[in-house]
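# this is the structure alone, sequence omitted:
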């Protein structure tokens, strides 16, 4: 729902603003307002439908469980570390971070041939960062063809966050999602 509805409304807004940047045409301005209202509604629905992992504990607990489950299922050691002062975040932000952790770990499982994984959840003064690092074979970030990284990027952007991916055949891959707190 989040990836389809929210991304669709965001695309509509962007396309309408590109067609008429000043939104001088009343019909286009109304369409943008309507799309923004529906984007807000879709975000509220996503927040109400938080993953079960968040319903049974905090974001750090949910991310820790993901790392633990990854290690148990793959046999690849996965460490989890939290830094900073944990605080409540809007549900939609927690969902973005949890889904990013899940997707990054799924990518390690499917593609990395890694020997170890480290997951960091860092609470800063103005933002929260999720970092998933592996020591696998890396990949060419410009040549990705799947939906995982673009979906992760779109989710992060929905909450004014960013996605950074560094990958190298010698050192592995680092995926970092940073969102305002």
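In hand now; what should we look at? Given the structure is predicted, the values throughout are model-derived calculations rather than measurements. Residues are numbered from 1 along each chain as shown.
# neighbours around residue 57, how many?
Other residues near residue 57 number 11, with proximity taken as other CB atoms under 10 Å. All C-beta atoms are positioned from the backbone trio N, CA, C, and that covers glycine.
# got a list of what the residue nearest to residue 94 when sequence neighbours are not counted touches?
Take residue 94 and drop its neighbours on the chain: the residue closest to it by CB to CB, 6 or more residues apart in numbering is residue 59, 4.7 Å away. The contact partners of residue 59, taken as CB atoms under 8 Å, 6 or more residues apart in numbering, are 86, 89, 94, 97, 98, 121.
# so which of the residues you listed sit within strands?
residue 121 (DSSP state E).
# separate out the buried members of the contacts of residue 59.
Neighbour-count burial (16 or more other CB atoms under 10 Å) is assigned, among the contacts of residue 59, to 89, 94, 97, 98, 121.
# residues contacting the longest helix anywhere in the chain, please?
If you go by DSSP state H, the chain has its longest helix at helix 26-48. Residues from elsewhere that reach helix 26-48, judged by CB under 8 Å, 6+ apart: 1-2, 5-6, 9-10, 12-13, 16-17, 19-20, 23, 90-92, 95, 158.
# just stretch 167-179 next, same as before
With contact meaning CB under 8 Å, 6+ apart, stretch 167-179 is reached by 93, 96-97, 100, 104, 107-108, 112, 114, 127-141, 152, 156, 159-166.
# export the contacts of residue 59 to JSON lines and tack on distance to residue 177?
Formatted as JSON lines, the contacts of residue 59 follow (distance: CB to CB, whole Å):
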{"residue": "86", "distance to residue 177": "17"}
{"residue": "89", "distance to residue 177": "13"}
{"residue": "94", "distance to residue 177": "12"}
{"residue": "97", "distance to residue 177": "6"}
{"residue": "98", "distance to residue 177": "10"}
{"residue": "121", "distance to residue 177": "10"}
